[in-house]
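Asker: Sequence first, then the predicted structure:
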Amino acid sequence: MVIASRSAPVTQTTVIFPVRNLSAALAHYRALGFVLTWLDEDAAVAVVEHSGVVLHLVTRSGPGPTAPPAVAHLFVGDARALAVEWSRPGIDGTTVLSAPVEDGWQAGIHGDPDNNLIHFSSEDDA
(Lines give C-alpha, C1' and ligand atoms only; values in the text may rest on other atoms or scores of the structure.)
Protein backbone atom coordinates (compact mmCIF):
# COMPACT_ATOMS: atom_id res chain seq x y z
CA MET A 1 0.00 0.00 0.00
CA VAL A 2 1.31 3.45 -0.89
CA ILE A 3 0.06 6.46 1.02
CA ALA A 4 -0.48 9.43 -1.27
CA SER A 5 0.77 12.87 -0.37
CA ARG A 6 1.08 16.13 -2.23
CA SER A 7 4.87 16.08 -2.30
CA ALA A 8 5.86 12.41 -2.42
CA PRO A 9 4.40 8.98 -1.68
CA VAL A 10 5.23 7.24 1.58
CA THR A 11 6.20 3.69 0.68
CA GLN A 12 7.43 2.18 3.94
CA THR A 13 7.52 2.76 7.66
CA THR A 14 9.73 1.39 10.40
CA VAL A 15 9.96 1.44 14.17
CA ILE A 16 13.14 2.43 16.01
CA PHE A 17 13.84 0.26 19.04
CA PRO A 18 16.47 1.62 21.46
CA VAL A 19 18.71 -1.16 22.80
CA ARG A 20 21.47 -1.31 25.41
CA ASN A 21 23.60 -3.92 23.65
CA LEU A 22 23.38 -4.27 19.87
CA SER A 23 24.86 -7.78 19.74
CA ALA A 24 22.41 -9.05 22.35
CA ALA A 25 19.48 -7.35 20.60
CA LEU A 26 20.49 -8.89 17.25
CA ALA A 27 20.61 -12.34 18.84
CA HIS A 28 17.17 -11.77 20.38
CA TYR A 29 15.51 -10.64 17.16
CA ARG A 30 17.17 -13.43 15.17
CA ALA A 31 15.64 -15.90 17.65
CA LEU A 32 12.24 -14.32 16.89
CA GLY A 33 12.78 -14.95 13.17
CA PHE A 34 14.03 -11.54 12.06
CA VAL A 35 16.87 -11.39 9.52
CA LEU A 36 19.68 -8.83 9.66
CA THR A 37 19.48 -6.65 6.53
CA TRP A 38 21.90 -3.84 7.43
CA LEU A 39 24.52 -3.21 10.12
CA ASP A 40 26.72 -0.21 10.91
CA GLU A 41 28.87 -1.27 13.84
CA ASP A 42 30.55 2.15 14.09
CA ALA A 43 27.19 3.87 14.53
CA ALA A 44 25.82 0.92 16.56
CA VAL A 45 22.73 0.64 14.36
CA ALA A 46 21.17 -2.42 12.74
CA VAL A 47 18.12 -3.08 10.60
CA VAL A 48 16.23 -6.36 10.89
CA GLU A 49 13.28 -7.62 8.84
CA HIS A 50 10.61 -10.28 9.29
CA SER A 51 7.86 -10.80 6.69
CA GLY A 52 8.09 -7.20 5.49
CA VAL A 53 8.23 -5.70 9.01
CA VAL A 54 11.35 -3.57 9.43
CA LEU A 55 12.85 -2.62 12.80
CA HIS A 56 15.82 -0.35 13.40
CA LEU A 57 17.84 -1.33 16.47
CA VAL A 58 19.75 1.69 17.79
CA THR A 59 22.15 1.51 20.70
CA ARG A 60 21.46 3.90 23.55
CA SER A 61 24.67 5.64 24.52
CA GLY A 62 26.20 8.37 26.60
CA PRO A 63 25.22 9.98 29.86
CA GLY A 64 21.91 11.68 30.37
CA PRO A 65 18.38 10.57 29.64
CA THR A 66 17.95 7.38 27.68
CA ALA A 67 15.38 6.84 24.99
CA PRO A 68 12.11 5.40 26.24
CA PRO A 69 11.13 1.96 24.98
CA ALA A 70 9.24 1.81 21.68
CA VAL A 71 6.06 0.01 20.68
CA ALA A 72 5.12 -1.63 17.38
CA HIS A 73 1.87 -3.33 16.43
CA LEU A 74 1.78 -6.20 13.95
CA PHE A 75 -1.28 -7.63 12.26
CA VAL A 76 -0.42 -11.31 11.85
CA GLY A 77 -2.01 -14.38 10.33
CA ASP A 78 -2.28 -16.32 13.60
CA ALA A 79 -1.62 -14.62 16.95
CA ARG A 80 -1.80 -17.92 18.84
CA ALA A 81 0.87 -19.53 16.66
CA LEU A 82 3.13 -16.49 16.95
CA ALA A 83 2.76 -16.48 20.74
CA VAL A 84 3.78 -20.15 20.85
CA GLU A 85 6.74 -19.50 18.53
CA TRP A 86 7.97 -16.50 20.52
CA SER A 87 7.54 -18.36 23.84
CA ARG A 88 9.98 -21.15 22.95
CA PRO A 89 12.65 -21.98 25.54
CA GLY A 90 15.77 -19.89 25.05
CA ILE A 91 13.98 -16.77 23.80
CA ASP A 92 14.51 -13.87 26.18
CA GLY A 93 11.75 -11.44 26.97
CA THR A 94 8.14 -12.21 27.71
CA THR A 95 5.30 -13.18 25.38
CA VAL A 96 1.70 -13.16 26.61
CA LEU A 97 -1.44 -14.09 24.69
CA SER A 98 -4.69 -12.47 25.79
CA ALA A 99 -8.08 -14.15 25.86
CA PRO A 100 -9.99 -13.79 22.58
CA VAL A 101 -12.27 -10.75 22.49
CA GLU A 102 -15.91 -10.69 21.44
CA ASP A 103 -15.27 -9.05 18.08
CA GLY A 104 -13.31 -12.08 16.90
CA TRP A 105 -9.76 -10.85 17.45
CA GLN A 106 -6.91 -12.54 19.31
CA ALA A 107 -4.04 -10.41 20.59
CA GLY A 108 -0.73 -10.79 22.32
CA ILE A 109 2.31 -8.83 23.35
CA HIS A 110 6.05 -9.51 23.38
CA GLY A 111 8.41 -7.51 25.58
CA ASP A 112 12.09 -7.66 24.64
CA PRO A 113 14.97 -7.49 27.15
CA ASP A 114 15.19 -3.69 26.55
CA ASN A 115 11.48 -3.23 27.39
CA ASN A 116 10.46 -2.52 23.80
CA LEU A 117 7.03 -3.96 23.03
CA ILE A 118 5.56 -5.71 20.02
CA HIS A 119 1.77 -5.97 20.16
CA PHE A 120 0.36 -8.47 17.68
CA SER A 121 -3.17 -9.46 16.71
CA SER A 122 -5.16 -11.56 14.27
CA GLU A 123 -8.75 -12.34 13.51
CA ASP A 124 -9.69 -15.35 15.60
CA ASP A 125 -10.87 -18.11 13.27
CA ALA A 126 -11.14 -20.75 15.99
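Answerer: Yep, that arrived.
Asker: Can you tell me the closest non-neighbouring residue to residue 111?
Answerer: residue 94 (4.8 Å; Cβ to Cβ, 6 or more residues apart in numbering). The way it works is simple: take the backbone N, C-alpha and C, and place the C-beta from them, glycine included.
Asker: what's next to the helix or strand where residue 25 lies, contact-wise?
Answerer: Taking DSSP states H and E as the criterion, residue 25 maps to helix 22-31. Helix 22-31 is contacted by residues 17, 19, 36, 39, 41, 44-46, 48, 50, 55, 57, 59, 88, 90-93, 112-114 when judged by Cβ atoms under 8 Å, 6 or more residues apart in numbering.
Asker: Could you list the buried residues of it?
Answerer: By neighbour count on 16 or more other Cβ atoms under 10 Å, the buried set for helix 22-31 is 22, 25, 26, 28, 29.
Asker: which one of the residues you listed sits closest to residue 124?
Answerer: residue 29 (26.5 Å; Cβ to Cβ).
Asker: how far does the helix holding residue 25 sit from the chain's center?
Answerer: Relative to its chain's centre, helix 22-31 lies at 12 Å (Cα atoms, centre = their mean, to the nearest Å).
Asker: ok, now stretch 23-36?
Answerer: With Cα atoms, centre = their mean, you get 10 Å for stretch 23-36.
Asker: Could you do stretch 52-61 as well?
Answerer: 9 Å.
Asker: what sits up against that stretch?
Answerer: Counting by Cβ under 8 Å, 6+ apart, 12-22, 25-26, 29, 34, 37, 44-49, 66-67, 72, 74 sit against stretch 52-61.
Asker: The residues you listed in strands, which ones?
Answerer: Using DSSP state E, the members of the contacts of stretch 52-61 that fall within strands are 15-19, 37, 45-49, 72, 74.
Asker: of those residues, buried ones?
Answerer: Buried among these by 16+ other Cβ under 10 Å: 15, 17, 18, 19, 45, 46, 47, 48, 49, 72, 74.
Asker: Leaving out sequence neighbours, find the closest residue to the second one.
Answerer: Across the structure, with Cβ to Cβ, 6+ apart as the measure, the residue nearest residue 17 apart from its sequence neighbours is residue 116 (4.3 Å).
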